[in-house]
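K.L.:
When you get a sec, could you give me coordinates for this:
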Amino acid sequence: MRLMIRILLTAAGLYLAYAGLVFFLQRSLIFPRGVIPPFTDPVRPQGTEVLSIHTGEEAVEAWFIPADATFSGPRPAVIFAHGNAELIDFWPEYLKPLSQNGMHLLLVEYPGYGRSQGRPSEISIHRAFTAAYDQLVAKNTVDPNKIILFGRSIGGGAICGLAKARPSAALILLSTFTSIRYYAPRYGLFPFMIRDPMDNLGVLKEYPGPALILHGKQDELIPFTHATALMSVSRNARLIAYDCGHNDCPPDWNGFWKDVFAFLRENDMMKPSGTLLK
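P.N.:
As a prediction, this is how the structure comes out:
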């Protein structure tokens, strides 16, 4: 009996040591900011306005890419949050169809990523995105009633946090999870041990606007069941499945934009012809 107790105590001590180590190191796994070094000479689209988003503790970089000059008056705007091993520098070319179709685009960097100050966490990211939102809607060229929130992968967590705190016209989630708590058992942790849970499922349950969920059926990082779960709790969501995994989603960007613009047309962001309302 004493031997059994000694074995159990040893096992418990080893687990507590392991769990404590993973608990304090988990942010480096969730937010691997060191994987991508900052660009010292970033290439930005013509007309890009570089913003410094101050949250009180750090200054975060954001890029405001205006709609093409052929569109006049206050325009809809998209706030985009990227994946965890990416930077805002990667995305202007992929997201160019937004400005070409009359939408402003705001790319917000995460604290500690790229040229931004601070350390990434759910709280610090939330502060950065809400401050960026407030700065965006204050522009007289932006229609505050047509703010679209768009997140990819872990960016879905950033965007859902923003959707909970600020009003928006629509939500677009690409390859997004229900909550980071889902991954706790993979690392031998209990869900309550996750420091940055990003409860997207809880946000979708309460989100009043339309949501578009796009996901790869063979996603090896965030299983497709996350998309169906998000869809099932939403009041007004559409789910589009692609034949792809995680990092190759969407498999066809032309098809992706057709799906996105169809969603925007259905929700009065674009005219039936495909051009945005002026």
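K.L.:
Share the number of residues neighbouring the spatially closest residue to residue 57 that is not a sequence neighbour, please.
P.N.:
Of all residues not flanking residue 57 in the chain, residue 118 sits nearest, at 6.4 Å (C-beta to C-beta, 6 or more residues apart in numbering). In this view, the C-beta of every residue, glycine as well, is placed from N, C-alpha and C. Residue 118: 19 surrounding residues under other C-beta atoms under 10 Å.
K.L.:
Return the distance of residue 118 relative to residue 88.
P.N.:
Using C-beta to C-beta, to the nearest Å, one gets 15 Å for the distance from residue 118 to residue 88.
K.L.:
now residue 150
P.N.:
13 Å.
K.L.:
again with residue 67
P.N.:
18 Å.
K.L.:
Repeat that for residue 205.
P.N.:
29 Å.
K.L.:
can you pull out the helices in this structure?
P.N.:
With helices called from DSSP state H, the chain shows them at 2-30, 96-100, 122-137, 155-165, 200-206, 224-233, 253-266.
K.L.:
any chance of these in TSV, plus distance to residue 108?
P.N.:
TSV is the format used below for these (distance: least, C-beta to C-beta, whole Å):
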stretch	distance to residue 108
helix 2-30	18
helix 96-100	15
helix 122-137	5
helix 155-165	8
helix 200-206	17
helix 224-233	22
helix 253-266	19
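K.L.:
tell me the most buried of those helices?
P.N.:
Greatest average neighbour count among the helices of the chain goes to helix 155-165 (a mean of 25), per mean count of other C-beta atoms under 10 Å.
K.L.:
tell me what that helix is packed against?
P.N.:
Secondary-structure packing of helix 155-165 (3 or more C-beta pairs under 8 Å, 6 or more residues apart in numbering; DSSP states H and E): strand 75-81, helix 122-137, strand 142-152, strand 170-174, helix 200-206.
K.L.:
Save the ones you listed as CSV, and put in mean pLDDT too.
P.N.:
Converted to CSV, the helices and strands packed on helix 155-165 look like this (pLDDT from 0 to 100):
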stretch, mean pLDDT
strand 75-81, 97
helix 122-137, 97
strand 142-152, 97
strand 170-174, 98
helix 200-206, 97
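K.L.:
Between these, which one is closest to residue 21.
P.N.:
Closest of the helices and strands packed on helix 155-165 to residue 21 is helix 122-137, at 20.5 Å (criterion: C-beta to C-beta).
K.L.:
Give me the angle between that closest one and strand 142-152.
P.N.:
Between helix 122-137 and strand 142-152, the angle comes out at 150 degrees (axes from the mean of the first three to the mean of the last three C-alpha atoms, to 10 degrees).
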